[in-house]
Every structure is written in C-alpha cells, then in structure tokens.
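> quick one: sequence plus predicted model below, questions after.
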Amino acid sequence: MKASALGAGALLLGVAAPFAGSPYRTPQHLDVDGLVGQIERGDDHVTALELAGWIRDRKPGLRIIDVRTPEEFAAYSIPTAENIPLDRLARTAFREDETIVLYSEGGAHAGQAWVLLTALGHENIRFIAGGLADWHYDVMAPTLAANASAQDRQAFEKASELSRYFGGEPALGPAQEPRDAETATRLRTPIRRRGC
C-alpha cells in the first residue's frame with residue numbers, strides 16, 4: 001500500500017512539474033536606471049582592503065565567491081572564498097541576508113557576474129573591481145613611496161595591519177616625484193594587469 005501511495009505521489013509531482021516553473025530566479029523586470037545608479041554611486045563594488053577588513057572582523061552573512069575555474073581557484077584564492085564558476089552561478093541559491101562579494105582574476109568576469117545576479121533579483125552583491133590583482137597589490141603587498149604624504153602614510157599603516165593579518169608583506173618603495181596631479185594619482189595607484 002505504501003509503495004503504491006509513493007508511486008501515485010511521484011506521478012502527481014511529475015505531471016505538475018512543468019507547471020511549477022523554474023526553481024531558479026528569473027528576472028521579472030530589469031531596472032537599467034537602477035543598475036546605472038548603483039554603478040555611479042559605487043554600490044556595485046568593494047575594495048580589496050574593505051573586503052580584508054570584513055573577513056578579519058567576521059562580517060555576519062559575508063559570502064565570498066570566486067567565479068574563476070576550479071583549477072585557478074585551487075592555485076590561489078582569497079581566504080574564506082568558495083569557488084562557484086560563472087557557468088554555475090545563476091543556479092546557486094543565495095540567502096537574502098547575505099553580503100555576496102564576487103571576484104575573478106582581473107575583475108571583468110566578477111563585474112559581469114554582478115550584473116547577472118543583480119538582474120536575477122539578488123541584492124547586496126559587490127565585486128572587487130581589480131580582482132585578485134587588487135588583493136595582491138593592496139592587501140598582500142602594499143607599498144608606500146619613501147616620500148609619501150602624511151595622509152598616505154596613515155592609510156598605509158591601516159593597510160599594513162590588514163596585510164600582516166593575512167600574511168602579507170608591506171614594504172617601502174623608492175621616492176616618487178610626480179610631475180603633475182594626474183601622474184601623482186597614477187603613481188599612488190600601481191598599474192595593474194587587468195583581465196578576467
């Protein structure tokens with residue numbers, strides 16, 4: 001009797017399944033203006049240093065997602081991250097109370113993943129704009145110019161504390177002589193290889 005009841009239940013569920021819809025979120029309406037606003041305000045990304053602080057402080061609900069391949073993830077990843085490649089991301093369940101931080105090698109794929117998850121209706125999603133390059137330069141190997149300003153030195157001290165927490169090696173670099181404001185800004189921000 002029990003087997004026939006289970007069989008009838010399974011048959012009923014099988015017949016109803018096509019009418020139940022997809023178990024995955026699908027976009028109802030894409031608010032392009034809302035997306036643009038988030039991007040303009042910088043609500044779409046988090047810096048590597050901010051993320052390092054969240055990890056160290058054990059931010060409640062923080063979930064860090066590496067969207068690279070399993071092989072890339074196995075070679076190197078940010079502490080506490082989990083690997084969910086792009087091809088599986090749309091089918092992954094996220095809780096509403098989670099802060100999701102995405103990253104990739106250089107940031108492009110993480111930015112695309114942010115758009116995807118946001119279009120699917122997920123909220124509180126961020127990505128590291130420069131990806132692992134930002135993590136490396138800003139957290140694991142921050143460098144301060146020998147002739148840095150007092151403000152730069154103060155920021156470097158905070159970065160150095162986080163760097164040491166993660167086993168990084170902060171260092172002093174050579175003196176820099178900027179020729180103009182644009183060059184000064186570029187010298188404070190090392191040129192990084194950008195990619196996916």
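Looks like it came in fine. Everything numeric in this text was worked out from a predicted model, so none of it was measured. Residues are numbered from 1 along each chain as shown.
> all helices for this structure, in order.
In the chain, the helices defined using DSSP state H lie at 2-20, 32-41, 48-56, 70-75, 86-89, 108-119, 131-134, 150-165, 181-188.
> how is this protein partitioned into domains?
32-134, 143-188 (automatic domain parsing).
> average pLDDT for the shortest one?
Domain 143-188 comes out with an average pLDDT of 78.
> where does the prediction get shaky in this structure?
For the chain, the stretches with pLDDT under 70 are 1-43, 175-196.
> burial check on residue 152, number of neighbours?
Look at residue 152: counted by other C-beta atoms under 10 Å, it has 13 neighbours. For the C-beta atoms, the positions are set from N, CA and C on the backbone; glycine is no exception.
> I should have written residue 97 there, sorry.
Counted with other C-beta under 10 Å, residue 97 comes out at 8.
> same thing with residue 146?
Residue 146, neighbours per other C-beta under 10 Å, totals 9.
> now residue 109
Look at residue 109: counted by other C-beta under 10 Å, it has 21 neighbours.
> surely residue 48 is in contact with residue 138?
Yes: contact criterion C-beta atoms under 8 Å: residue 48 and residue 138 qualify, at 4.4 Å.
> enumerate the positions of stretch 75-93 that are buried.
For stretch 75-93, the neighbour count (16 or more other C-beta atoms under 10 Å) marks 77, 78, 81, 83, 84, 85, 86, 89 as buried.
> okay, now that stretch: how far is its last residue from its first?
Length of stretch 75-93, first residue to last, C-alpha to C-alpha, to the nearest Å: 25 Å.
> stretch 129-142 too?
OK, stretch 129-142 end separation, C-alpha to C-alpha: 17 Å.
> equivalent analysis for stretch 73-83, please.
End to end - C-alpha to C-alpha - stretch 73-83 spans 7 Å.
> measure residue 155 to residue 57 for me?
Residue 155 sits 18 Å away from residue 57, going by C-beta to C-beta, to the nearest Å.
> whoops, residue 123 was the one
21 Å.
> ok, now residue 154?
Counting by C-beta to C-beta, the gap from residue 154 to residue 57 is 20 Å.
> go on, residue 153?
23 Å.
> you'd agree residue 128 is up against residue 134?
Yes: under the criterion of C-beta under 8 Å, residue 128 makes contact with residue 134 at 5.4 Å.
> need the residues touching each of those two.
47, 48, 107 (C-beta atoms under 8 Å, 6 or more residues apart in numbering).
> which of the residues you listed are buried?
Applying 16+ other C-beta under 10 Å to these, the neighbour count classes 47, 48, 107 as buried.
> so who does the second one touch?
In this case it means residue 48. Residues in contact with residue 48 (C-beta under 8 Å, 6+ apart) are 128, 130, 134, 135, 137, 138, 139.
> one more time with 7 Å
128, 134, 135, 138, 139 (C-beta atoms under 7 Å, 6 or more residues apart in numbering).
> could you single out the nearest of those to residue 168?
Comparing the contacts of residue 48 against residue 168 with C-beta to C-beta places residue 139 closest, at 5.8 Å.
> residues contacting that closest one?
Contacts of residue 139 by C-beta under 7 Å, 6+ apart are 48, 49, 52, 162, 163, 166, 168.
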